[in-house]
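1. can't give you the sequence, but here's the structure:
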């Protein structure tokens, strides 16, 4: 059966209805986006230019920063431009494209954070075999797998979305395109699609979040047998990662495991993992990491 789409343009309701509040958000979000680009770009530059930051941990960190730049750029520029516009619109094809890249980079980040937790587990619990287990070819395969899994996940999301008919209304109750708000506009029952999204997004996010928590419990148990200095150093590197995991996973898990009928109430919560977390990641990793700070100073001194 042919799919009939009378809707070609979608209108975002945005974060707030009040235009003055929207303009205030513009003043806040624009510097945050610029800080996200500069901070994560500086980490990528530092890791690739420094001869001391050649361990797998920093290899993964540079790829995490790259994902954060791409992930934030999928949503935030459209959000910022819409804060000053009378009508913030997007084409239906553009909406589906945004969904694809949003989930692509989001899942790639989830898996990379899991890989980084595994890296910390091997470094702390199996230090004598660390360089053998986490060799550079293995690290490249792990990162490549994160990107490929993100693409596979997004293709599934798009395949169930492009089959839906949209014949009106065309107002999407959000500040960016995501599956549950878009499903509300479909001219058909989307219960099955909602279940697929619940399994393909909510349960996957919850599974990896619990896996990460379990891995750090194992690490903490193992640290009991180490010296005070060893515990301090290990907790310093793990603390940054745990903070990033909590900032990203808790809001995302909460949103995708809730019924879609309550989604409109959660727009502000999604700001945490679309705007705030990508900006805070470079700050969290650099403030708690002496090697990164020293490498940045040397790089700045050369320039």
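-> Right, received. Where do you want to start? Keep in mind the model is a prediction, meaning the values are calculated, not measured. Residues are numbered from 1 along each chain as shown.
2. Quick one: name whatever helix or strand follows the helix or strand hosting residue 34.
-> Using DSSP states H and E, residue 34 sits in helix 19-49. Following helix 19-49 in sequence order, the next helix or strand is helix 56-83 (DSSP H and E).
3. which parts of that following helix are buried?
-> Going by neighbour count (16 or more other C-beta atoms under 10 Å), the buried part of helix 56-83 is 56-76, 78-80, 82-83. No exception for glycine: its C-beta is placed from N, CA and C like everyone else's.
4. Same question for stretch 172-187.
-> For stretch 172-187, the neighbour count (16+ other C-beta under 10 Å) marks 172, 174-186 as buried.
5. One more: stretch 266-282?
-> By neighbour count on 16+ other C-beta under 10 Å, the buried set for stretch 266-282 is 266-267, 270-282.
6. Name the residues that touch that stretch?
-> 15, 29, 32-33, 35-36, 39-40, 42-43, 64-65, 68-69, 71-72, 75-76, 79, 106, 173-176, 178, 244, 247-248, 251-252, 254-255, 258 (C-beta atoms under 8 Å, 6 or more residues apart in numbering).
7. quick one: average pLDDT of it?
-> In this model, stretch 266-282 carries a mean pLDDT of 85.
8. and the end-to-end length of it?
-> 26 Å (C-alpha to C-alpha, to the nearest Å).
9. Quick one: distance of it to the chain centre.
-> In terms of C-alpha atoms, centre = their mean, to the nearest Å, the gap separating the centre of stretch 266-282 from the centre of its chain is 9 Å.
10. and what of stretch 171-180?
-> 17 Å.
11. what sits against the residue most central in space within the chain?
-> Nearest to the mean C-alpha position of the chain, counting by C-alpha atoms, centre = their mean, stands residue 106 at 4.1 Å. Contact analysis of residue 106 by C-beta under 8 Å, 6+ apart lists 71, 150, 252, 273.
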